[in-house]
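Asker: The sequence and its predicted three-dimensional model are supplied below.
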Amino acid sequence: MLRLRRELEEARASGDEERVRRLEAYEPAFRQVMLLQGFGTGSVRDIMERIEEELPPIAEEAGVSVIVSKWEVAHKNPAVELVDLTSQLVALFEPNDRVLMWVEGLRGQDPIPVDSLLMRPSGRNE
């Protein structure tokens, strides 16, 4: 989101109205994706692709063969143990203390239903 805002500021500063319009149109959709990923069950594949090369050592250290979002498991054999690697994955992004507290606060909470996260036509969440 910060990158998007920087790009928007740069486009405004340079007077590139076409780019400003494109970025302004993109922002609400980007915000929706972030809400679905952070508070719902939205796919995090695009985020995982950014750290793909760093996943094998995390998997090896945790003793797992696969790293996947628990929200994307449609079925699992009861003998399969799910291992939470959230802390290790978040650490790869070098978050500040505020973000770490936010992530920790989400642990154990059920995701918010998708329909509750989607923006209403007014452009606000209700």
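Answerer: The structure has been received and is ready for your questions. Numbers count the residues shown, from 1 in each chain.
Asker: Contacts only, for Lys70.
Answerer: By Cβ atoms under 8 Å, 6 or more residues apart in numbering, Lys70 lies in contact with 82, 84. All C-beta spots, glycine's among them, are computed from the backbone N, C-alpha and C.
Asker: for this structure, what spans make up the helices?
Answerer: For the chain, applying DSSP state H gives helices covering 2-14, 17-39, 45-50, 55-62, 86-91, 97-106, 114-117.
Asker: Outline the domain layout of the protein.
Answerer: 1-42, 44-107 (automatic domain parsing).
Asker: Nearest residue to the residue positioned nearest the centre of the chain in space, please, no chain neighbours.
Answerer: For the chain, the residue nearest the mean C-alpha position is Gln37 (4.1 Å; Cα atoms, centre = their mean). Of all residues not flanking Gln37 in the chain, Val44 sits nearest, at 5.4 Å (Cβ to Cβ, 6 or more residues apart in numbering).
Asker: how many neighbours does the one you found have?
Answerer: 17 (other Cβ atoms under 10 Å).
Asker: Kindly report the same for Leu23.
Answerer: Leu23 has 19 nearby residues by other Cβ under 10 Å.
Asker: how far away is Ala11 from Pro28?
Answerer: 17 Å (Cβ to Cβ, to the nearest Å).
Asker: In terms of neighbours, single out the busier of the two.
Answerer: Neighbours were tallied for Ala11 and for Pro28 using other Cβ under 10 Å; the higher tally belongs to Ala11 (18 against 10).
Asker: Next, the contact list for that one, please.
Answerer: Here Ala11 is in contact with 19-20, 23 (Cβ under 8 Å, 6+ apart).
Asker: Let's have the residues you listed in TSV, adding distance to Arg98.
Answerer: Listed next are the contacts of Ala11 as TSV, based on distance: Cβ to Cβ, whole Å:
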residue	distance to Arg98
Arg19	31
Val20	30
Leu23	26
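Asker: re the thing from before, with mean pLDDT and distance to Ser69 added, can I get the helices of the chain in TSV?
Answerer: Output for these, formatted as TSV (pLDDT from 0 to 100; distance: least, Cβ to Cβ, whole Å):
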stretch	mean pLDDT	distance to Ser69
helix 2-14	87	23
helix 17-39	88	9
helix 45-50	92	8
helix 55-62	97	13
helix 86-91	94	10
helix 97-106	91	14
helix 114-117	82	14
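Asker: Perfect, that will be all.
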